[in-house]
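>>> task: produce atomic coordinates for the following.
(chains A and B)
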Amino acid sequence: MQQFVNLTLGGVITGAVYAAFALALVLIWRSTRIVNFAQGAMGALTTFIALSLIEGGQSYWVGLVVALLAGLVIGAVIERVVIRPVEGGPELNAVIVTLGLFIAIQALISVLFGVNQRAFVAPFSTIGFKAGDFTLALSPNTLFTLGAVLLVMVGLTALFRFTRVGLAMRASAFGQEVARLLGVRVGRMLTLGWALAAVVGSLAGMLIAAEVTFVAPTFMDALIVFGFVAAVLGGLDSPIGAVVGGLLLGLALSYVRGYLGDELVGLAALVVLVVVLLVRPGGLFSTTQTRRA
Amino acid sequence: MAAATVATTLAACGGGDSGGGGGGGDSAENEASDIGITEDSIKLGAHYPLTGVAAPGYSEIPTGVQAYFDFVNANGGVNGRDIEFVYRDDAYNPTNTSQVVNQLVLEDEVFAIMSGLGTPTHNAVTDFLNSEGVPDLFVSSGSRLWDDPEEKPYTFGWQPDYEIEGKIIGQYVAENFPDAKVGLFLQGDDFGEDGAAGARQYLEDQIVAEETYVPGNTDVRPQISALQAAGADFVLGFNVPSYTALSQLTALQLGYAPQWFYSNVGSDPVLVGSLLARFSEGAVSDASLLDGVLTTEYIPGVDNPDNEWTQLWQRVWEESGQEGELTNYRAYGMSQAYTMVQALQSAGQNPTRDDLVAAVEQAGSEWEGPGFSPFRYSEDVHAGYSGMLVSRLLGEGSEELTPVLVTDNGDAEITEAENEPASPPESGIPDEEPIN
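Numbering: from 1, shown residues only, chains lettered A, B, ... in the order given. You can find the predicted model right below:
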């Protein structure tokens, strides 16, 4: 029983981490219709910037703010300088460019910060709460992670659903020409989409780093796969879907690890992905049927 | 033959400055006796993870090897030849290993490969090295794959393999913790499997749970929860150092406090301590999280500062002038380099690659060096050190709990080592007789 409870709690936490990453993928997909494979590396870069500040004696919160600001700037610059020239061409071009960026940014991190693993100390205690005489796999820090992910989810949903900017971003992503005719500054919206996605990606990096404890330039790599599966589970288009997809995946993989074996985790994620795509090709939360017409 | 004669004559005209350290020079001249050997140099190659997840710690090994070879070269080299050490980064990725070893053999034209690090990585190149006839000495891994003289006549292990380590640990736990409920925490490859197989010979009835992890998956909460749920009060880990740190932190988070025993690979207190150090400032209250943890040792390291070998390595390290401090990984590299120099001396003044292999087979079990136990080398056995001792970590040092115990694979008995610990030679450089 104790094991089941802790596997469930652990699954929720890793699920929240996958969700944080999936949210950034969803955001960039919604605002630019590109899957950004460089998302993980960009998040790792800003996390290392924050880590250097924290190791230099600054508080976690200073590091967090700097990471988010750095994400904003990096996202906007990458869109303007690297992505803009291939926008409007075949969609595959932009995707391949993000793959190249992924490798280049990871190499940049190694050059700037070295390749060694470094400890990342969580902002809150990671010691589990006690229930009677057994310790739950739930700590103040995991509550912080969960809270931050839910907050971002609510914020993004509100942005896209209730604000003019959100509407303009979606319009730019779907039909550049039409949006432009209707007076939307499409270029600015695309830049804004990248910048915001990079902020969310930076937050994901900071949350993930605290959960995985030790970070190297490649620490986001394993999560790219799971974050992508989580996003696809949720339909790639819905912030709520990304979070639910992340949590479901986290739970499933935690049970697989605890009851079956760690070596089956990659396989289990693939099975989940294939099954969902066979049953609901648009993802669990797909609402795009009408729009596609 | 004619070419060889010309080379000899030229060498003679060049002043004939042979000799220096090493034994058995006699009056013969140095010749370019095989690929990678010239009159005044020997080229050796190696592969290590210098970047990536396996780099912390392991990337220090080549600096230790280099420091010791520099020391030997500064004192006349081996038979008057300088050792040139070329090592390349494979990032612990077997595909890269094949590529860099190809480069070492075909482009750099090394005489031999030494100290190649890692089981999955090195396993990708043994077929190539054996088909090319390149000596593949002292692999940096405790897998049993290197002890296969029939199929891999050029490959030799060096450190005690994980199975005999498992046996020695298993017997110690069965004798000293007969009531413990033992949980196994294993890396999901033959490192974990061999170790568990050895331990199970003595602990079968005491083991209540076995959990594995796949390197790269950084969440070990499910595994540690499972050990806790099974009621294990003694956890035996065959894992790498970063997973020692992860398992300690996770156990702390889950309020789980068994007695821990980490096998030699995962227990380096300096590396694990440096990973854990930052946590002592925050949530974790105690800096010396590893105090009281049990482990094994087979060569002296920085935790035995009074050991004569450690003092020699300290001297070698300071003379090399490289950055950083002497660490256990550097001591490991120097110990391997010491064995390598013994092998080169035993192979004679103008060795071929086959002479080097014959030297390890014929003389290897007699070599005295930093290792606590003798090597097992012979024509039929290519396995390295035969034993180790059990110790307890205290801060960055350790205290020995058993004498040196030696054994062999399978159901061979565990006995106390009969050899006296060797002292390093005055010069710090071995002096082995050539075998022919």
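
>>> I figured B:R88 hits B:N102, correct?
No: if you go by Cβ atoms under 8 Å, B:R88 and B:N102 don't touch, sitting 10.2 Å apart. Bear in mind the C-beta positions are built from the backbone N, C-alpha and C, glycine included.

>>> these two: which has the busier surroundings?
B:R88 (18 against 13; other Cβ atoms under 10 Å in any protein chain shown).

>>> what residues are up against that one?
By Cβ atoms under 8 Å, 6 or more residues apart in numbering or on different chains, the contact set of B:R88 is B:45-48, B:100, B:103-104.

>>> where do the helices sit along the stretch 51-200 of chain A?
All helices of the stretch 51-200 of chain A, identified by DSSP state H, counting those that start in this stretch, fall at A:60-78, A:91-113, A:140-162, A:164-174, A:176-181, A:186-212.

>>> please name every helix or strand in contact with the last one.
Read that as helix A:186-212. On a contact count with 3 or more Cβ pairs under 8 Å, 6 or more residues apart in numbering or on different chains; DSSP states H and E, helix A:186-212 meets helix A:2-32, helix A:39-55, helix A:60-78, helix A:140-162, helix A:164-174, helix A:176-181.

>>> and the fourth one, what's its mean pLDDT?
Taken as a whole, helix A:140-162 has a mean pLDDT of 90.

>>> tell me the residues of the stretch 151-300 of chain B that contact chain A?
Counting by Cβ under 8 Å from any Cβ of the partner chain, the stretch 151-300 of chain B comes close to chain A at B:188, B:211-214, B:216-219, B:221-223, B:225-226, B:228-229, B:242, B:245-246, B:249, B:252-256, B:275-279, B:281-283.

>>> now these: which count as buried?
The neighbour-count test (16 or more other Cβ atoms under 10 Å in any protein chain shown) applied to these identifies B:188, B:211-213, B:217-219, B:221-223, B:225-226, B:228-229, B:242, B:245-246, B:249, B:252-256, B:275-276, B:279, B:283 as buried.

>>> so of those, which ones are in strands?
Under the assignment DSSP state E, those contribute B:211-213 to strands.

>>> near chain B, which residues of the stretch 101-250 of chain A?
Contact residues (Cβ under 8 Å from any Cβ) of the stretch 101-250 of chain A with chain B: A:110, A:115-117, A:119, A:121-122, A:124-128, A:130, A:134-135, A:137, A:139, A:211-214, A:216, A:218-219, A:222.

>>> before we move on, back to that, strands - which of the contacts of B:R88 land there?
Among the contacts of B:R88, the residues falling in strands (DSSP E) are B:45-48.

>>> quick one: buried ones out of the residues you listed?
Neighbour-count burial (16+ other Cβ under 10 Å) applied to the ones in strands among the contacts of B:R88 gives B:45-48.

>>> put together TSV for these, with distance to chain A and pLDDT on each row.
Shown next, in TSV, are those (distance: Cβ to the nearest Cβ, whole Å; pLDDT from 0 to 100):
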residue	distance to chain A	pLDDT
B:G45	22	96
B:A46	18	97
B:H47	16	96
B:Y48	13	95
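
>>> can I get those in JSON lines with distance to B:G157?
Formatted as JSON lines, those follow (distance: Cβ to Cβ, whole Å):
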{"residue": "B:G45", "distance to B:G157": "18"}
{"residue": "B:A46", "distance to B:G157": "15"}
{"residue": "B:H47", "distance to B:G157": "16"}
{"residue": "B:Y48", "distance to B:G157": "17"}
